[in-house]
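Trainee: how would this look folded up:
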Amino acid sequence: MKKISLMLAILAAIGLAALPSKAMATANTKLDLIQDASAGGGELIDMIGPTGFGFINFNQNASGDLRLVVSLKGAEPDTTYSGVFLVCGPTHALGCGFIDVGELTTNGQGNGNATMWLEAATLQDSPFGPGARTDHFDMIGPAGDVYAVSGIDYTVPTP
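Mentor: Alright, predicted model coming up:
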């Protein structure tokens with residue numbers, strides 16, 4: 001009888017593994033923003049730069065929707081960053097497309113916060129697609145300043 005129970009448990013585990021992937025809610029992950037280029041530009045956009053400009057906190061809900069909470073500190077005062085993107089690929093050099101995720105406006109001290117949601121259905125479309133992903137985030141200001149984060153690791157569920 002124990003052999004039959006063990007065999008049924010093994011078959012059930014194999015059957016569950018064959019089901020389409022479903023998203024699972026994930027814990028919050030916090031990554032530091034880097035200043036990839038300062039206002040006025042001129043620097044290489046290479047995912048290397050000083051930190052201390054805030055962070056991104058991200059996670060997924062049980063439906064696979066991706067939440068990005070962006071906190072920018074000490075940037076250009078009273079500025080709207082309308083170029084805010086989740087970019088396919090872990091770095092600029094490996095980028096394969098992007099999604100515009102919203103905008104962020106700083107106050108008189110150059111601080112701003114925004115929460116952005118990307119639905120699983122949006123992430124299932126090209127250039128992203130289902131499966132495990134490592135992508136990056138870019139925020140481009142009107143004066144040419146660029147803030148970036150690499151290592152946004154998440155899973156896009158199968159439709």
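
Trainee: what ranges in this protein fall below the confidence cut-off?
Mentor: Confidence mapping of the chain against pLDDT under 70 gives the ranges 1-24.

Trainee: repeat the analysis, applying 80 as the threshold.
Mentor: Scanning the chain for pLDDT under 80 picks out 1-24, 40-44, 126.

Trainee: and E76, how far from Y147?
Mentor: According to C-beta to C-beta, to the nearest Å, E76 stands 11 Å off from Y147. Using the backbone N, CA and C atoms, a C-beta is placed for each residue, glycine as well.

Trainee: ok, N59 next?
Mentor: 20 Å.

Trainee: related to what we said a few turns ago, neighbour-wise, which of E76 and Y147 wins?
Mentor: Using other C-beta atoms under 10 Å as the criterion, E76 and Y147 rank with Y147 on top: 24 against 17.

Trainee: the more buried one touches L72, doesn't it?
Mentor: Yes: contact criterion C-beta atoms under 8 Å: Y147 and L72 qualify, at 6.5 Å.
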